[in-house]
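Chemist: Fold the following for me, if possible:
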Amino acid sequence: MRKLLFLLFSVAVFGCAHSQNSLTQTEKEKAVEIGNAAVVKLMGELKRNLGMALKEGGFPEAIRFCAQKAQELTKKVNRELVVVKVKRVSDRYRNPADRPDTLDLKVINYFKEKLREGKLPPYYIVESEKNGERVVIYYKPIRVAPFCLNCHGNPARMNPEVLRILREKYPHDRALGYKPGDLRGVFKVIIPEKELKEG
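Modeler: Numbering: from 1, shown residues only. Model (predicted):
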């Protein structure tokens, strides 16, 4: 799996002048390891708390949890990670805090294209710059599972109470109308490049 590493460095596609040989194979593998660990940590924290909300009050309570606590938990995870930063982004975001930037959108569109071809890669890595610092960004696709349709599916088939709360909490919601297997968005992990060169 680790050998399936895709690097986006082309000026034509990403406007980034780094060469494809900027990272060594060891550094690429370390980026995948760090990226996966950050994704697992955030995903685990969100799933655990979402599960508790579901037990407490079903899907209506799960939506309230997402609206009130998901961003807070993401910040908590990032404080624990210290140097590495992780978040979720989507072109069809529900919370404006998950809005993608230009690079995110290009990666999301690449994943969508590969998904249509039946060749969705497990991750994508890009070198970039953030606040004057060279960073490596690790992206991992998020797919829609049947369970997700309770809050992200066809509104005509959803619980009316769930829809009411969604409209109340997210008046500009873009995250409805998905089907199983669709690309929901991506996990995005920003890793300072120096972290890959230490140790």
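Chemist: where does the chain have its least confident helix or strand?
Modeler: helix 11-14 (a mean of 38; mean pLDDT, DSSP states H and E).
Chemist: what packs against the helix or strand that that helix is followed by?
Modeler: Counting by DSSP states H and E, the next helix or strand C-terminal to helix 11-14 is helix 25-81. With contacts taken as 3 or more Cβ pairs under 8 Å, 6 or more residues apart in numbering; DSSP states H and E, helix 25-81 sits against strand 85-89, strand 124-130, strand 133-143, helix 149-152, helix 160-169, strand 183-192, helix 193-197. Quick note: C-beta positions are derived from backbone N, CA and C, even for glycine.
Chemist: In CSV, list these along with distance to Phe111.
Modeler: Shown next, in CSV, are the helices and strands packed on helix 25-81 (distance: least, Cβ to Cβ, whole Å):
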stretch, distance to Phe111
strand 85-89, 12
strand 124-130, 7
strand 133-143, 5
helix 149-152, 17
helix 160-169, 25
strand 183-192, 6
helix 193-197, 23
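Chemist: Nearest to Lys75, out of the ones you listed?
Modeler: Closest approach to Lys75 among the helices and strands packed on helix 25-81 (Cβ to Cβ): strand 85-89, 9.4 Å.
Chemist: Could you give the average pLDDT over that closest one?
Modeler: For strand 85-89, mean pLDDT rounds to 98.
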